[in-house]
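Trainee: Starting from these lines, generate the structure:
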Amino acid sequence: RSGEADEDRGRMLVRAALASILLLQGASSFLAPPPAAPHSLLHRGKAPKDASALPTSHPLSAACLPLRRGTNGGGLDMSSAPEAGGARKRRVRQGNTVTVNRRPSGVAGALYAVAAAALRLLRDVYGQLMVFLFDTLLNRPFLNILNKVEISDHKRLTDAISKRPRGTPLITVSNHQSSLDEPLLFSTVIPWPIKQWQLRYSLCNDNMFYVFGPVFAQLFFYAARGLPIWRSQSINQPSFKDFCDKAQQGGWCHIFPEGRLWQPWKLKKEGRLLGKLKPGVGKLVGHCETSKNPPIVLPFYHTGMHRVLPQFPSNPKKQAMPPKTGNTIRVRVGEPLDMSDLIEKYRERREAARKDLSITDGWTTTPVDEELYAEVTERVEEALVALASQVDQDKEWQTHPSVLPGADGAGK
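Mentor: Purely as a prediction, here's the structure:
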């Protein structure tokens, strides 16, 4: 009986500890909401569908900002939209915003800083536990047992994650094939078990981030280092600045420069190897101008995730649930890209442009910044296209039969 009583007390303590973590984490969503979350979300519990509901809304977002690029001589159009021209440069500057610091000062400010640090520590501990459990019990077994994963030059990525010099930003870029690329695919490519401070930061569509309200956003996305991005706003939005700050401070940030899903059936339809890239990756790299060391930009290209969660070609907004098994996912890790020459090339001109325009925040986009973003994005595009050219399309680009015409539920 004594042993049973001890076991009961142990179970009660574990339950109480878990309940305390969940309660404190839930409370933190109101004390420290996710970056740049519109105030209305704290009451409505979901992201606004209309951009006008946001505090600083603008008609064009990073998802609508193609770059100009030449046409590939081989006939396939690898460009990021040759029709863009100067209009892109005017649009990318719309909505320049800077995060307003509204923290109290004095003793209240010191107490606020202590409370914020405690909440961050709590979120990190909770996030580490959540990622470990999800990846160990769900993500990794699903891909490695029910599917198959093959990774080329995996050591390049694991070394960059865990062995790069302290204070060196790591920016990974890849194609985007399914809504499960993040976090399912990442559970197999990261070193295991990974430390909390080595976890990557990623961006999440605002509608998905707040699909179950701000508390769930804190408990699930934000705790696992996901940050919201509003497609109704420009790349100068405060939330994207928070993301770029993580890289500038030496963290690991992953970005899908295509900004949307591009499954092989769509790439074949448009005669491409890669989707149209957006300038967000250029701004991310450019923001690391003041980091301790030049950023490491590491590209990788993957195939097979389009078969795990395929889109219906007749209705791309619909995906065939549940996730499929028996597929082979192949990941090709490329050579690290050195962007230090481009950063140095534009450093003086960027400073002069900011001075001429009386810009002091270091975030607002100038015309010179746009030139840097374009060159960075072109270099990233070239690296991803080179990896994509290694793909055996007949073998790796096959569409899953569940979404082909005539399949049960196809296109409905």
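Trainee: average model confidence for the host helix or strand of Gly286?
Mentor: In this structure, Gly286 sits in helix 280-286 according to DSSP states H and E. Helix 280-286 comes out with an average pLDDT of 96.
Trainee: Next SSE downstream of that helix?
Mentor: strand 296-303.
Trainee: From the contact counts, what lies against that next one?
Mentor: helix 154-162, strand 170-174, strand 328-333, strand 337-338, helix 367-388 (3 or more Cβ pairs under 8 Å, 6 or more residues apart in numbering; DSSP states H and E). From N, CA and C alone the C-beta is placed, and that goes for glycine too.
Trainee: Out of the ones you listed, which is the most enclosed?
Mentor: strand 170-174 (a mean of 24; mean count of other Cβ atoms under 10 Å).
Trainee: which neighbours does that strand have in its sheet, and in what orientation?
Mentor: Strand pairing for strand 170-174, using DSSP bridges, gives strand 252-255 (parallel), strand 296-303 (parallel).
Trainee: how about those strands, which one is nearest Lys278?
Mentor: strand 252-255 (9.2 Å; Cβ to Cβ).
Trainee: Outside of the closest one itself, list whatever touches it.
Mentor: By Cβ atoms under 8 Å, 6 or more residues apart in numbering, the residues outside strand 252-255 that reach it are 161, 169-174, 182, 186, 198-203, 243-244, 246-247, 280-281, 284.
Trainee: For the buried ones among the residues you listed, write the corresponding PyMOL selection.
Mentor: Restricted to buried positions by 16 or more other Cβ atoms under 10 Å, the PyMOL selection for the contacts of strand 252-255 reads:
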select buried, resi 161+169+170+171+172+173+174+182+186+199+200+201+202+203+243+244+246+247+280+281+284
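Trainee: what does the helix holding Gly286 rub up against?
Mentor: So helix 280-286 is in contact with 62, 65, 171, 173, 235, 240, 243-244, 247, 253, 255, 257, 259, 295, 297, 339, 342-343, 346, 350, 365, 369, 372-377, 380, going by Cβ under 8 Å, 6+ apart.
Trainee: and with 7 Å instead?
Mentor: Contacts of helix 280-286 with the rest of the structure, by Cβ atoms under 7 Å, 6 or more residues apart in numbering, involve 62, 171, 173, 235, 240, 244, 247, 253, 255, 257, 259, 295, 297, 339, 369, 372-374, 376-377, 380.
Trainee: Export only the CA atoms of that helix, formatted as PDB.
Mentor: Output of helix 280-286 as PDB, limited to C-alpha atoms (Å, rounded to 0.1, in the frame of the first residue of the first chain):
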ATOM      1  CA  GLY A 280      12.300  37.900 -49.000                       C
ATOM      2  CA  VAL A 281      15.500  35.700 -49.000                       C
ATOM      3  CA  GLY A 282      17.400  38.700 -50.300                       C
ATOM      4  CA  LYS A 283      16.300  40.900 -47.500                       C
ATOM      5  CA  LEU A 284      17.000  38.100 -45.000                       C
ATOM      6  CA  VAL A 285      20.600  37.900 -46.200                       C
ATOM      7  CA  GLY A 286      21.000  41.600 -46.500                       C
END
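Trainee: Next up, the contacts around Ile329.
Mentor: 143, 147-149, 302, 304-305.
Trainee: Quick check: of those, which lies closest to Ala118?
Mentor: Nearest to Ala118 among the contacts of Ile329: Leu143, at 35.5 Å, using Cβ to Cβ.
Trainee: so that closest one makes contact with Asp135?
Mentor: No: counting by Cβ atoms under 7 Å, Asp135 is not a contact partner of Leu143; they are 10.0 Å apart.
Trainee: Good, we can wrap up now.
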